[in-house]
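Q: Got a sequence here, can you build the structure:
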Amino acid sequence: MTQVALVRRGPALWARIDRPGAGNACGSEVMGRLEEWLAAATDPGVRVLVLTGTGRSFCAGADLTEATALLGDLPALRSFLDRGRGLVRAVMAAGVPTIAAVNGAAFGGGLELLLACDIAVAADTARIGDRHIAVGQVPGWGSSVLLPHAVGPALARRLLIAGETWTGEEAARRGLVSEAVPAADLDRHVDALAERIAALDEAAVRRMLRVARPVIGAQAWDREWDTLGEHLASQATEPE
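A: Numbers count the residues shown, from 1 in each chain. Take a look at the predicted model:
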């Protein structure tokens with residue numbers, strides 16, 4: 001059984017991560033399927049890409065089981081994490097609009113995937129936060145880079161440093177997602193949004209993406225990645 005179901009719903013191609021027992025975490029197989037999902041943006045019939053999850057999670061972030069297995073091989077661990085980082089940046093550069101349909105918990109890399117999407121709509125019961133600090137880690141897929149653009153630097157620091165978690169409704173009030181809707185209505189609501197976008201002039205939409213997406217310098221990305229590398233190296237050398 002595939003860990004990510006790719007399903008056409010009208011003009012949109014939905015990617016639904018289907019690992020509910022693992023919080024829909026991003027392991028290598030999930031990343032590979034999401035790379036296929038992004039590649040489908042070249043299909044002229046696909047006007048919107050939608051990312052969502054199965055069950056109670058949107059995405060819990062990087063697969064900690066897979067990452068932990070690589071702790072003895074730091075270059076391999078960095079390569080695994082760098083693939084996720086590249087995935088987030090590829091979502092930001094997708095050739096069509098991207099929508100995060102946040103059905104449940106979005107933490108760590110799940111938050112970073114949410115932030116990478118052009119529009120995020122959350123179930124009112126969803127739980128959203130960075131939460132790297134809660135497991136003694138720092139972000140590497142873009143939280144520190146993208147959160148200030150979404151909610152401003154003050155609230156970004158609260159999410160990053162204090163590890164706060166917001167409901168979908170709280171996230172909507174603070175601008176982290178565009179709106180929160182009842183969980184039972186989420187898919188239907190996003191379907192309608194995708195239909196509205198697909199009905200617009202395609203060339204204008206593509207150019208609007210160019211001006212609407214945040215412009216972020218390499219320095220911010222490099223600072224986060226270098227900090228993660230330093231943190232991982234320190235953990236590898238700390239005595240047990």
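
Q: separation between Leu159 and Glu169?
A: 16 Å (CB to CB, to the nearest Å). No exception for glycine: its C-beta is placed from N, CA and C like everyone else's.

Q: what about those two, which has more around it?
A: Using other CB atoms under 10 Å, the more surrounded residue of Leu159 and Glu169 is Leu159, with 26 against 17.

Q: doesn't Leu147 make contact with the more buried one?
A: Yes. Applying CB atoms under 8 Å, one finds Leu159 in contact with Leu147, separated by 6.0 Å.

Q: and for the two, which residues touch both?
A: Common contact partners of Leu159 and Leu147 (CB atoms under 8 Å, 6 or more residues apart in numbering): Asp130.

Q: ranges for the strands of the protein?
A: In the chain, the strands defined using DSSP state E lie at 4-9, 12-17, 48-53, 57-59, 98-102, 105-107, 119-123, 127-129, 166-167, 179-181.

Q: would you list the ones you listed in a markdown table and tack on distance to Met31 and mean neighbour count?
A: Putting these into a markdown table (distance: least, CB to CB, whole Å; neighbours: other CB atoms under 10 Å) gives the following:
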| stretch | distance to Met31 | mean neighbour count |
| --- | --- | --- |
| strand 4-9 | 9 | 15 |
| strand 12-17 | 10 | 24 |
| strand 48-53 | 13 | 26 |
| strand 57-59 | 11 | 28 |
| strand 98-102 | 16 | 27 |
| strand 105-107 | 17 | 28 |
| strand 119-123 | 20 | 26 |
| strand 127-129 | 21 | 25 |
| strand 166-167 | 26 | 19 |
| strand 179-181 | 28 | 19 |
